[in-house]
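1. Got a predicted structure here, sequence first:
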Amino acid sequence: MSRLTRPRDELKACYDVIVVGSGYGGGVTASRLARAGKRVAVLERGREVLTGEFPSRFPDLKNELRVRGRRVSMGPDTALFDVRLGEDMHVVVGNGVGGGSLVNAGVALRPDSRVLTDPVWPGQIAQDGTLDEGYRRASYWLRPMPDPRASEMTKYKVLEKAGKAVGQEIVASPIAISYEETVNPAGIKQPACTRCGDCCGGCNVGAKNTVALTYLPEAVKHGAEIYSEVTVRYVDKTPAGTWRVTALPTAGAKGSGDGREIVLEAAMVVLAAGTLGSTEILMRSRERGLRVSDELGKRFSANGDIIAFGYGSKVPVNSIGVGYPAKVEGLEIGASVSGQLMIRDAETLSNEMNVQEGALPSALAPALPIMFVPNGRLLGALQSLISGVYKGPFAGLQTYFAVSHDSAGGCFRLDDDRLVLTWPGAKAEACYGRLDAMLKAVVADAGGDYVKNPLAGTVMGHQPATAHPLGGCGMGHERSNGVVDHKCRVFDATAGAGSTAVHDGLYVIDGAIMPRSLGVNPLLTITALAERAMIHLAHDMGCDIGAAA
């Protein structure tokens, strides 16, 4: 597929709509509003990475890590993986045209109905029926389905057996992947998944239904312009009532050294830069005088995430990707996730969890023996350095991705113009104890040792980590309990404005709007809420955004 992005010097001074970010929320917004005939510009901080360009070797992967923390700063701002090391919690997100869809596992689940009927949400979310239509449209475009051969994968069989031992049945996970050659709704031809296991490192096959292969090509087809390596700093209102967006070329990008700002105007601005990006932009904007809710930066949730391992299993597990082209001929891993245990509790929602068997990308394979040295597994690590990770001790490595429910007790603040997450009680969240107990039991069934964090004792410390950051610009009934309303419009806190007044033309549409944990991988819900916001916007503006078949 040809590139979607344009050279930065083609940026115009004015648009009808500026979308900041190109993940699920940004992709939906750009596609729908371009269909409505709006002049749309999409500004993405990261760069465009095409199918076949994702890292397949460890030296390449090292260059795709942007790591920032209080005591560390390494890697380019255009790197594919954005790692934020915090004092209380670490966060890992994707960075590029297509957002997190480029490097997630693609697991597409709808939350328990109790999640979206929680009173923390505006009542309209559960009551007006448009969220169901949002999910329908999201499913049409992302086309999640279980792997029809999931039960043949070794890691699936290992989790299936362990599930029975703990009284749980395995379920094949719906994944946004094409398992047969197809032409998708955007008209893009996609080959069939090879089950190489590299989903979380970037799909070099082109079978993964990322935003870059679905919503964004549709947006471009209808006239949207996409510009990569543009970092938005803040937004403010012009005297004429339009919105001004101030940005810089992303550090390290061509032309980034001259310090010249990029200033654009539009009648509408949609912040879709992810939980970290949208919250940070809105906080900077508040510092410059934009009046928004005092709830900005609050109710951060890690979605009860955990990534953990079982080491020393006596049976092969095959949870390390082989990549494409395959590094090991004839070895099928499956998608990054093929199956999961769905632990349910009809009485107590917070007790629910999803435990998914996972696969690490092949580019990470050479580093795995080194990663496990700090935990006293030197002998196994040395054996694998000699024999390779597809043989010896690492052939039995179990990888688990789990999501559950936390208290959404984290808060963001700006510190020297840098977004900082604080959550002093994060490690003590009850969800981690429940997940530890379940994962220990699952790992033990295969004869392995539970390893919660192979990098404990390094710069990673013992803090929990999440790949599903949510909140910071949470939905609310009014500005006293939310940053955006049920239509994703930013509440206006200008003196004299009503409690439900909004800034006309300013939206946040991404994971930042979640006011609580979801308990499932969030991509489908983010997409559905974005589709729902567009349905309401089209109704309010009297325009045609098109509908899914």
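-> Cool, the structure landed.

2. center of the chain - which residue?
-> residue 100 (4.0 Å; CA atoms, centre = their mean).

3. Using the three-state scheme, assign that one.
-> Put simply, residue 100 is helix when judged by DSSP: H, G, I helix; E, B strand; the rest coil.

4. and the closest residue to it other than its chain neighbours, how many neighbours does it have?
-> Nearest-residue entry for residue 100: residue 94, 4.0 Å, with adjacent residues in sequence omitted and distances by CB to CB, 6 or more residues apart in numbering. Glycine gets a C-beta too; all of them are placed from N, C-alpha and C. Applying other CB atoms under 10 Å, we find 22 other residues in the vicinity of residue 94.

5. quick one, phi/psi of residue 94?
-> phi -80, psi 160 (degrees, to the nearest 10).

6. Might one say that it is in contact with residue 105?
-> No: using CB atoms under 8 Å, residue 94 makes no contact with residue 105, being 11.5 Å away.

7. ok, back up a step: which residues touch the residue nearest to the centre of the chain?
-> 23, 24, 93, 94, 274, 523 (CB atoms under 8 Å, 6 or more residues apart in numbering).

8. And what about residue 503, helix, strand or coil?
-> Under three-state DSSP, residue 503 comes out as strand.

9. What of residue 217?
-> helix.

10. So for it, what's the nearest residue that isn't a sequence neighbour?
-> In space, residue 217 is closest to residue 186, 4.4 Å off (CB to CB, 6+ apart).

11. hang on, the one you found is in a helix, isn't it?
-> No: with three-state DSSP as the criterion, residue 186 is located in coil rather than a helix.

12. Got the confidence number for it?
-> Residue 186 carries a pLDDT score of 97 in this model.

13. With residue 391 instead?
-> So, for residue 391, pLDDT stands at 79.

14. Give me the number of neighbouring residues for it.
-> Residue 391, neighbours per other CB under 10 Å, totals 13.

15. Would you check how far apart it and residue 451 are?
-> Per CB to CB, to the nearest Å, residue 391 is found 20 Å from residue 451.

16. Tell me which entries of the contacts of residue 100 lie within strands.
-> Mapping the contacts of residue 100 onto strands (DSSP state E) picks out 93, 94.

17. which intervals of the chain have sub-threshold pLDDT?
-> 257, 372-388, 455-461, 548-549 (pLDDT under 70).

18. wouldn't residue 271 be in contact with residue 507 here?
-> Yes: Residue 271 is within contact range of residue 507, at 6.8 Å (criterion: CB under 8 Å).

19. Who has more neighbours out of those two?
-> The residue with more neighbours, out of residue 271 and residue 507, is residue 271; 33 against 27, by other CB under 10 Å.

20. how about the spatially closest residue to the more buried one that is not a sequence neighbour, secondary structure?
-> Distances taken as CB to CB, 6+ apart place residue 278 nearest to residue 271, at 4.1 Å, with adjacent residues excluded. Look at residue 278: counting by three-state DSSP, its state is helix.

21. Please report how far residue 278 lies from residue 421.
-> For residue 278, the distance to residue 421 - CB to CB - is 14 Å.

22. Look at the two and report which has more neighbours.
-> A direct count of neighbours by other CB under 10 Å for residue 278 and residue 421 places residue 278 higher, at 29 against 25.

23. distance of that one from residue 330?
-> Applying CB to CB to residue 278 and residue 330 gives a distance of 45 Å.

24. Could you do residue 197 as well?
-> In terms of CB to CB, residue 197 sits 14 Å off from residue 330.

25. Looking at the two, which is more packed in?
-> residue 197 (31 against 6).

26. Just give me the neighbour total for residue 530.
-> There are 30 residues near residue 530, going by other CB under 10 Å.

27. out of everything not next to it in sequence, what's closest to it?
-> Using CB to CB, 6+ apart, the closest residue to residue 530 is residue 28 (3.8 Å).

28. Give me the buried positions along the longest strand along the chain.
-> As assigned by DSSP E, the longest strand anywhere in the chain is strand 262-271. By 16 or more other CB atoms under 10 Å, the buried positions in strand 262-271 come out as 262, 264, 265, 266, 267, 268, 269, 270, 271.

29. How far off centre is it?
-> Here strand 262-271 is found 24 Å from its chain centre; the criterion is CA atoms, centre = their mean, to the nearest Å.

30. same deal with stretch 439-457?
-> 25 Å.

31. Same check on stretch 60-73?
-> 18 Å.

32. Please enumerate the strands of the stretch 401-549 of the chain.
-> 411-415, 418-422, 449-451, 465-466, 489-491, 502-508 (DSSP state E, counting those that start in this stretch).

33. Check these for me and report the most buried one.
-> Neighbour counts (mean count of other CB atoms under 10 Å) averaged over each of the strands of the stretch 401-549 of the chain peak at strand 489-491, with a mean of 26.
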